[in-house]
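Next come a sequence and a model predicted from it.
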Amino acid sequence: MKPVDTIGASLPQRQSVVIQALELDCVIGVYDFERRFEQRLFLDLVMNTDFSAAVQSDALDQTLNYAAICERLQCIARESSYALLERLMGAFMTCLQDEFGVAHFYMRIRKPGAVAGTDFVGIEIDTRPA
């Protein structure tokens, strides 16, 4: 068994916290018929982070609190209305950067049922370094 002070010393370069298919209920759309009711969207999010401190301390405040992030993003979606997915994504990006200090991430927002003949339409952004 490794001593605690060496755990995490050789962690891989890329470390991520992943949120897959987070359900978001919001009023979104360009057309009146889209805005009559909340729609269900899905968010996929991969956030680059450094696990070193959390590996050593086993403390939640030393890593990204995915429960708090999910709750905050759901709140942003629920409490506002947007015409475009891009605007909602911009609000999420600002939140991740300003409130949680996440600079590098991959994000996809999916809108099922928006276009006939598709599983979903959506947008994505990847700010992670290559």
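Sure thing, it's come through. Numbers count the residues shown, from 1 in each chain.

Any stretches of this structure with poor pLDDT?
Residues of the chain that meet the criterion pLDDT under 70 lie in 1-12.

Which parts of it are strands?
For the chain, the strands defined by DSSP state E occupy 15-28, 39-49, 81-82, 105-112, 120-126.

would you turn those strands into a markdown table with mean neighbour count?
Heads up, the C-betas are built off the backbone N, CA and C, glycines and all. Output for the strands of the chain, formatted as a markdown table (neighbours: other C-beta atoms under 10 Å):
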| stretch | mean neighbour count |
| --- | --- |
| strand 15-28 | 16 |
| strand 39-49 | 19 |
| strand 81-82 | 16 |
| strand 105-112 | 19 |
| strand 120-126 | 14 |
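
In TSV: those strands, plus distance to Met93.
Formatted as TSV, the strands of the chain follow (distance: least, C-beta to C-beta, whole Å):
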stretch	distance to Met93
strand 15-28	14
strand 39-49	11
strand 81-82	13
strand 105-112	7
strand 120-126	7
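
Nearest to Asn65, out of the ones you listed?
strand 15-28 (9.0 Å; C-beta to C-beta).

any residues touching that closest one, and which ones?
The contact list for strand 15-28 (C-beta atoms under 8 Å, 6 or more residues apart in numbering) reads 34-35, 37-51, 63-64, 66, 69-70, 73-74, 77-78, 80-85, 88, 109, 111.

redo that, cut-off 7 Å
34-35, 38-51, 64, 66, 69-70, 73-74, 77-78, 81-82, 85, 88 (C-beta atoms under 7 Å, 6 or more residues apart in numbering).

burial of Ala54, as a residue count?
When counting by other C-beta atoms under 10 Å, one arrives at 17 neighbours for Ala54.

partner residues bridging the residue positioned nearest the centre of the chain?
What sits nearest the mean C-alpha location of the chain, by C-alpha atoms, centre = their mean, is Leu45, with 3.7 Å. Counting by DSSP bridges, Leu45 is bridged to Ile19, Met107.
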